[in-house]
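> Okay, predicted coordinates and the sequence, questions at the end:
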Amino acid sequence: ATRTAIRHEKSPRVRARPRSRRSPAGTGRVIVALNVSEGLIQRPFSFSSSVDDISRRAQEMVEKINRSRTSDQDVMDGFQEKLTEKVTEMCRQMKEHMYALYERNSDEMQVKLQELSEVLDSCTKLNQELLEASQALTLLREGLGLTQPSNQ
C-alpha cells in the first residue's frame with residue numbers, strides 16, 4: 001500500500017510512518033506506532049489485521065490532521081483579516097479626529113494672525129505719524145532757529 005500525505009502550503013508536512021514490533025511477554029500481538037508531529041500513537045491489533053487496513057487508518061489520521069491544520073489556518077486568516085479591518089477603522093477614526101483638531105487650531109490661529117496683522121498695521125501707522133511729527137518738529141525748530149537772534 002502507498003502512503004501519501006496531504007500538506008497545507010503553510011503548515012509542516014505530516015507523514016505516517018508505520019513501525020511494528022512485538023508486544024512484551026510474547027502475547028502474539030503487534031503494536032503499530034505512527035510517528036506524526038503531534039505525538040506517538042500506539043494501537044494494538046491482531047495478526048489478522050491487514051497492512052492495507054493499517055495504511056488506510058494511517059492515511060485517514062494524516063488527512064484528519066491536515067484538515068485540522070487547514071481549519072486552524074482558516075481561523076487564523078479570518079482573525080488576521082478582522083484584526084486588519086479593526087486597525088484600519090481605528091486609524092481612520094484617529095485621522096478624522098486629528099484633522100478636526102487641525103481645523104479647529106487653524107481657525108484659532110487665523111483669528112490670532114488677523115489680530116496680529118491689525119496690531120502691526122496700527123504700529124506701522126503710528127510709526128509713520130511719529131516720523132511725520134518728528135519731521136514737523138525739526139522743521140519748526142529750524143524755522144524758529146532762523147528767526148531767533150543769536151546771543152553769541
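Received it, and whenever you're ready, just let me know what you need. As the structure is a prediction and not an experimental result, all values here were calculated from the model.

> neighbours of Ile65, just the number please.
Each residue near Ile65 was counted by other CB atoms under 10 Å, and the total is 18. C-beta here means a position set from N, CA and C on the backbone, and glycine is covered the same way.

> Ignore what I typed, I meant Leu126.
Leu126 - counted by other CB under 10 Å - has 10 other residues nearby.

> what's the helix or strand for it?
Using DSSP states H and E, Leu126 maps to helix 51-147.

> what residue ranges in the chain score low on pLDDT?
In the predicted model of the chain, residues 1-49, 146-152 satisfy pLDDT under 70.

> can you rerun that using 80?
1-49, 145-152 (pLDDT under 80).

> Against Glu89, how distant is Leu83?
According to CB to CB, to the nearest Å, Leu83 stands 11 Å off from Glu89.

> Which strands and helices lie in contact with the helix holding Leu126?
Other helices and strands packing on helix 51-147, by 3 or more CB pairs under 8 Å, 6 or more residues apart in numbering; DSSP states H and E, are strand 18-22, strand 30-36, strand 39-45.

> mind redoing it with 7 Å?
strand 30-36 (3 or more CB pairs under 7 Å, 6 or more residues apart in numbering; DSSP states H and E).

> Can you give me the neighbour number for Ser55?
Ser55 has 16 neighbours, counted by other CB under 10 Å.

> same thing with Val62?
Applying other CB under 10 Å, I find that Val62 has 21 neighbouring residues.

> and if you look at Gln110?
Other residues close to Gln110 by other CB under 10 Å number 10.

> Check the one 5 residues further on too.
Neighbour count for Glu115, taken as other CB under 10 Å: 10.

> what sits against it?
Glu115 makes contact with no residue under the criterion CB atoms under 7 Å, 6 or more residues apart in numbering.

> Relative to Asp121, how far out is it?
To Asp121, Glu115 is 11 Å away according to CB to CB.

> next one: Arg56
Taking CB to CB, one finds Arg56 at 95 Å from Asp121.

> Over to Glu108?
Shown here: Glu108 relative to Asp121, a distance of 21 Å by CB to CB.

> Please apply the same query to Gln73.
Using CB to CB, one gets 70 Å for the distance from Gln73 to Asp121.

> tell me which residues of stretch 90-109 are tucked away?
Within stretch 90-109, no residue is scored as buried using 16 or more other CB atoms under 10 Å.
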